[in-house]
Structure formats: C-alpha cells, structure tokens
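Novice: Got a predicted structure plus its sequence, pasted below:
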Amino acid sequence: DVVLTQSPATLSVTPGERISLSCRASESVDTYLHWYQQKPNESPRLLIKYASQSISGIPSRFSGSGSGTDFTLSINGVELEDLSIYYCQQGNSLPYTFGAGTKLELK
Amino acid sequence: QVQLKESGPGLVQPSQTLSLTCTVSGFSLTSYSVHWVRQHSGKSLEWMGRMWSDGDTSYNSAFTSRLSISRDTSKSQVFLKMNSLQTEDTGTYYCARNRYNYFDYWGQGVMVTVSS
C-alpha cells in the first residue's frame, strides 16, 4: 500500500500569512494526488485534484503543486475559516490511501 | 444536485454484523462508482472498498474477509455489510462518489459504535 506522510502534523498560523503543507508518498503516484479539507463534525471536501488542478467553488487562495512523491498544498493568505484538518489522498493504486492529516490552528 | 446519505444503526454489539445503506440522488449508480471510507474518532480516513459503475467491487485487503458491498440500482442504494465487528470498528462511516480516482461528493457520515 502507498503510505502518505503529511507534515507538519499541526501548524499554528496567523491570518493573512502564506503557508505550505507537505505530503510525501512512499512511491510515485504520478499526479494522482488529491487534497481535502475537513472541518469539525463535517465531511471532507475536495480542494485540489491531480496535484494542482483547481476545483469549482474553492477559493483561489488554495493551490497545489508536485508530482511523483512530493506534493505541496499552499494557502496564500490564510483566513480564519481555513482552520481545519487537511488530508492528501492518492488515487494511483488500490487501496486508495490518505495521509494522517495536517491540522491548522490559530497561533 | 448530487447527494449521498448514509443510514444504519448507531450501535452494534461486538461480533455482530454492521449493515449500512448509502442512498444517492442526482446521479446514476451505473455512471459513477461509490466508495465507503471509515474514520476513527480524531483519526485519518481509511478506504474500505467500492462499488464500481458496472457492478464490480473492490475491497481493501484489511477488510476483505468480512466486508461485502452490494447495490440496488432501482433504489439508487449501495450497501455495506461487515461482520465480526470489534470495538476497533467504532467510527464514522462515509459513502462517497468517486470521479475517476478522487472523491468529489461525500455523504454526511454515520457514526457507528461497537459496544455491548
């Protein structure tokens, strides 16, 4: 199974700053890497597909990059509503796997 | 609009069988696959298995021996059955629509507690 390692586990942020979250795969997943946001007591929401493709309705401050084994989710100007847990997911091979998540908290 | 909704018992006794239903609307089960994903409280997400649009199924080997996914296309429903439940199976169970290899719509989730 492909193991996805997310870092950091927790990130303390200040509104307005630009941040980057990392997701590293144990083997190449090409660009079959997707990002989700999950707020407390809510279902995950798709943020970015295929490493860097935007999703309709998602604010433009969210962007993704990477291919192979190293991926980054960036938020350009964090807002309070972004305080959530972010998961990466690989769709290159079954079983689909998720990272352990990065929690954004207020500094 | 696309919707998925899970339903099932909130409490299951150890060693018993869990039966969940995912009722979908806004799309056809013969055009999209529907997957089941589990989340332990405060933990990450775990892919369990899928019902493909052609009726084929795939399972995570971690569950293969006790997990079964089926469907009723006439009712737009996908079913999950998992036997021999243990306390470690406590968590929130989601069904999600899969678009190629990512999940574009999720149900609200159903919390299942395994306890006597």
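Specialist: Received the coordinates, thanks.

Novice: only C-alpha atoms for contact and neighbour calcs from this point on.
Specialist: Fine.

Novice: nearest residue to the most centrally placed residue in chain B other than its sequence neighbours?
Specialist: By C-alpha atoms, centre = their mean, chain B has its centre lying nearest to residue B:36, at 3.2 Å. Leaving aside its chain neighbours, residue B:36 sits nearest to residue B:95 (4.5 Å; criterion: C-alpha to C-alpha, 6 or more residues apart in numbering or on different chains).

Novice: my read: residue A:69 touches residue A:30, true?
Specialist: Yes: here residue A:69 reaches residue A:30: they are 7.4 Å apart, a contact under C-alpha atoms under 8 Å.

Novice: hang on, residue B:37 is in a strand, isn't it?
Specialist: Yes: assessed by DSSP: H, G, I helix; E, B strand; the rest coil, residue B:37 belongs to a strand.

Novice: what residues are up against the nearest residue in space to it that is not next to it in sequence?
Specialist: With C-alpha to C-alpha, 6+ apart as the criterion, residue B:37 has its nearest non-adjacent residue at 4.5 Å, and that residue is residue B:47. Shown in contact with residue B:47 (C-alpha atoms under 8 Å, 6 or more residues apart in numbering or on different chains): A:95, A:96, A:97, B:35, B:36, B:37, B:38, B:60.

Novice: can you list the residues of chain B near chain A?
Specialist: B:43-47, B:49, B:59-60, B:101-109 (C-alpha under 8 Å from any C-alpha of the partner chain).

Novice: Could you identify the buried members of the residues you listed?
Specialist: B:44-47, B:49, B:59-60, B:101-109 (16 or more other C-alpha atoms under 10 Å in any protein chain shown).

Novice: How confident was the prediction at residue 8?
Specialist: You didn't pick a chain, so chain A it is. On pLDDT, residue A:8 comes in at 96.

Novice: try again with chain B
Specialist: pLDDT, read off for residue B:8, is 95.

Novice: hang on, the earlier thing: OK, contacts around the residue nearest to the centre of chain B?
Specialist: Contacts of residue B:36 (C-alpha under 8 Å, 6+ apart): B:47, B:48, B:49, B:50, B:80, B:93, B:94, B:95, B:96.

Novice: can you tell me the average pLDDT over the helix or strand hosting the second one?
Specialist: To tie it back to what came earlier, the one meant is residue B:48. Element membership for residue B:48 (DSSP states H and E) is strand B:45-51. The average pLDDT within strand B:45-51 is 97.

Novice: ok now stretch A:72-83, how far from the chain's centre?
Specialist: 10 Å (C-alpha atoms, centre = their mean, to the nearest Å).

Novice: who's in contact with it?
Specialist: So stretch A:72-83 is contacted by A:13-23, A:35, A:39, A:61-66, A:103-106 (C-alpha under 8 Å, 6+ apart).

Novice: Can you show me the strands along chain A?
Specialist: A:4-7, A:10-13, A:18-25, A:33-38, A:45-49, A:53-54, A:62-67, A:70-76, A:85-90, A:97-98, A:102-106 (DSSP state E).

Novice: hey, which of these is tucked in deepest?
Specialist: Mean neighbours per residue, mean count of other C-alpha atoms under 10 Å in any protein chain shown, is largest over the strands of chain A for strand A:85-90, with a mean of 28.

Novice: what about stretch A:89-106, how long is it end to end?
Specialist: End-to-end distance of stretch A:89-106 (C-alpha to C-alpha, to the nearest Å): 25 Å.

Novice: Is it in proximity to chain B?
Specialist: Yes: for stretch A:89-106 and chain B, the contact criterion (C-alpha under 8 Å from any C-alpha) is met by A:89, A:91, A:92, A:94, A:95, A:96, A:97, A:98, A:99, A:100, A:101.
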